[in-house]
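Student: Here you go, sequence then predicted model.
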Amino acid sequence: MDPEESDEAESVRGEPERCGAGGARAAWAGFLRARAAELRGALFPPLCWLCRTRPTVDGLGCSDHALEPCRFDPSEPRCSGCAGRLAAGLGSGLCADCRRRSRGYLRLCAVGAYRQPSALREWILAFKHGGRRELATPLAALLASAWSGSTGASPGVVLVSVPLHPLRRFERGYDQARLLCDELARELDFPHVPALRRTRWTPPQGAPGASSRRANVQGAFALVGRRARHLAGRALLLVDDVVTSGATVRACAEVLRGARPTEVSVLCLARAERSGEASAAESKDERDPAEP
Ligand SMILES: [Zn+2]
Ligand SMILES: [Zn+2]
């Protein structure tokens, strides 16, 4: 046999052996890593993001703070416009309120209801008023799954956060809706354009009446001129933590329409139910959770 041919034959013959040995080693290493991860998980289970003392039951919260049970029941009929509960017998479509008047946005998607007691409310209050800015990560994951579950693939969407007044942001140290949007942008691979600003300080919405809320936020938002051009011809997703009367997101949507988007929808963690739950929640909070 030609020596060169012999060398080549040797190398060809040898290759599978090296691959086989290497593959077995890799498989064995993978097996050990997986068992080590299982053992680590059994000895040191991941702790609840909220209380940081008890193991999670749903990957985010412990048995007291699990978020899965806070999601809207998909079998419960809800308005396709505002996510409000539909009257019995109405399987789908718009609620009477949405049929009667324009909301200013195409539709609202919420993870669950803002009610107490509820784990979702505890998470939101800790995130918003408890200085727990790191909760933006799990809460944004929750928002992402709610949005993806409601729409499927929705390419070309731009995220816009409901802004805080600069003084309130300074007081809190962060803008919670903006943090949520930053995390959501990573989750969904959508751009986040902080294209709205507050033009004036709005006092906490003490009175629960819808008309006073509307008046409170009237003219309180404006486009950030240099960023507005990124919104033209795009589908916008306005993001906030809680929506109660809807006055704030309606005022924001109205301003956003001036940037000529194709549509504006709203995504929030929790939506107050109309049957008095909104006012009940607010009256027990020192501050209106829906307000920045
Ligand atoms: Zn917990
Ligand atoms: Zn509705």
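Tutor: Happy to help now that I have it. Ligands and ions are numbered 1, 2, ... in the order given.
Student: Surely Trp49 and Leu135 touch.
Tutor: Yes - Trp49 is within contact range of Leu135, at 6.2 Å (criterion: Cβ atoms under 8 Å). Any C-beta I mention is one placed from the backbone N, CA and C, and that applies to glycine too.
Student: Mind giving me the packing neighbours of the helix or strand hosting Ser212?
Tutor: Element membership of Ser212, judged by DSSP states H and E, is helix 210-217. Packed against helix 210-217 by the contact rule (3 or more Cβ pairs under 8 Å, 6 or more residues apart in numbering; DSSP states H and E) you find helix 247-256.
Student: Can you list the buried residues in the helix or strand following the helix it packs on?
Tutor: Note on helix 247-256: by DSSP H and E, the next helix or strand toward the C-terminus is strand 263-271. Under the neighbour-count criterion of 16 or more other Cβ atoms under 10 Å, strand 263-271 has 264-271 buried.
Student: And the residue of the stretch 101-250 of the chain that's closest to ligand 1?
Tutor: Ala119 (8.2 Å; Cβ to the ion).
Student: number of nearby residues for that residue?
Tutor: 21 (other Cβ atoms under 10 Å).
Student: Which of the three states applies to the most centrally placed residue in the chain?
Tutor: The residue lying closest to the centre of the chain (Cα atoms, centre = their mean) is Leu143, at 2.5 Å. Here Leu143 is recorded as helix under DSSP: H, G, I helix; E, B strand; the rest coil.
Student: looking at it, it is touching Asp241, isn't it?
Tutor: No - at 9.4 Å, Leu143 does not count as touching Asp241 under the criterion of Cβ under 8 Å.
Student: Just to check, Arg178 is in contact with Val160?
Tutor: No - look at Arg178 against Val160 with Cβ under 8 Å: they stay out of range, at 10.0 Å.
Student: So these two - more neighbours on which side?
Tutor: Val160 (30 against 20).
Student: Three-state assignment for that one, please.
Tutor: strand.
Student: Let me see the contact set for it.
Tutor: By Cβ atoms under 8 Å, 6 or more residues apart in numbering, Val160 lies in contact with 181, 192-196, 231, 236-239, 252, 256.
Student: Helices - which of those land there?
Tutor: Among the contacts of Val160, the members found in helices (DSSP state H) are 181, 252, 256.
Student: Neighbour-wise, give me the winner out of those residues.
Tutor: So for these (other Cβ under 10 Å), the most neighbours sit at Cys181, 28 neighbours.
Student: Pretty sure that one sits against His192.
Tutor: Yes - at 4.5 Å, Cys181 counts as touching His192 under the criterion of Cβ under 8 Å.
Student: circling back: list residues touching both of Leu143 and Asp241?
Tutor: Applying Cβ under 8 Å, 6+ apart, one finds that Leu143 and Asp241 are jointly contacted by 180, 268-269.
Student: how about the strands in this structure?
Tutor: For the chain, the strands defined by DSSP state E cover 108-113, 157-161, 196-198, 221-223, 235-243, 263-271.
Student: Quick one: which of the contacts of Val160 is the most crowded by neighbours?
Tutor: Cys181 leads the contacts of Val160 on contacts (other Cβ under 10 Å) with 28 neighbours.
Student: so what pLDDT did that one get?
Tutor: pLDDT for Cys181: 97.
Student: Identify the contacts common to Cys181 and His192.
Tutor: Joint contacts of Cys181 and His192 (Cβ under 8 Å, 6+ apart) are 159-161.
Student: Kindly reformat the shared contacts of Leu143 and Asp241 as a markdown table containing distance to Ala110.
Tutor: Shown next, in a markdown table, are the shared contacts of Leu143 and Asp241 (distance: Cβ to Cβ, whole Å):
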| residue | distance to Ala110 |
| --- | --- |
| Leu180 | 13 |
| Cys268 | 5 |
| Leu269 | 7 |
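Student: And these, which is closest to ligand 2?
Tutor: Using Cβ to the ion, the shared contacts of Leu143 and Asp241 come closest to ligand 2 at Cys268, 14.2 Å.
Student: measure that closest one to Val255 for me?
Tutor: Noted for Cys268: a distance of 18 Å to Val255, by Cβ to Cβ, to the nearest Å.
Student: Val217 now?
Tutor: Val217 sits 10 Å away from Val255, going by Cβ to Cβ.
Student: cool, and Val249?
Tutor: Distance from Val249 to Val255, by Cβ to Cβ: 11 Å.
Student: Pick out whichever of those two has more residues nearby.
Tutor: The neighbour comparison of Val249 against Val255 (other Cβ under 10 Å) goes to Val249, with 27 against 21.
Student: List the residues that contact the more buried one.
Tutor: By Cβ under 8 Å, 6+ apart, the neighbours of Val249 are 104-105, 108, 162, 238, 240, 243, 266, 268.
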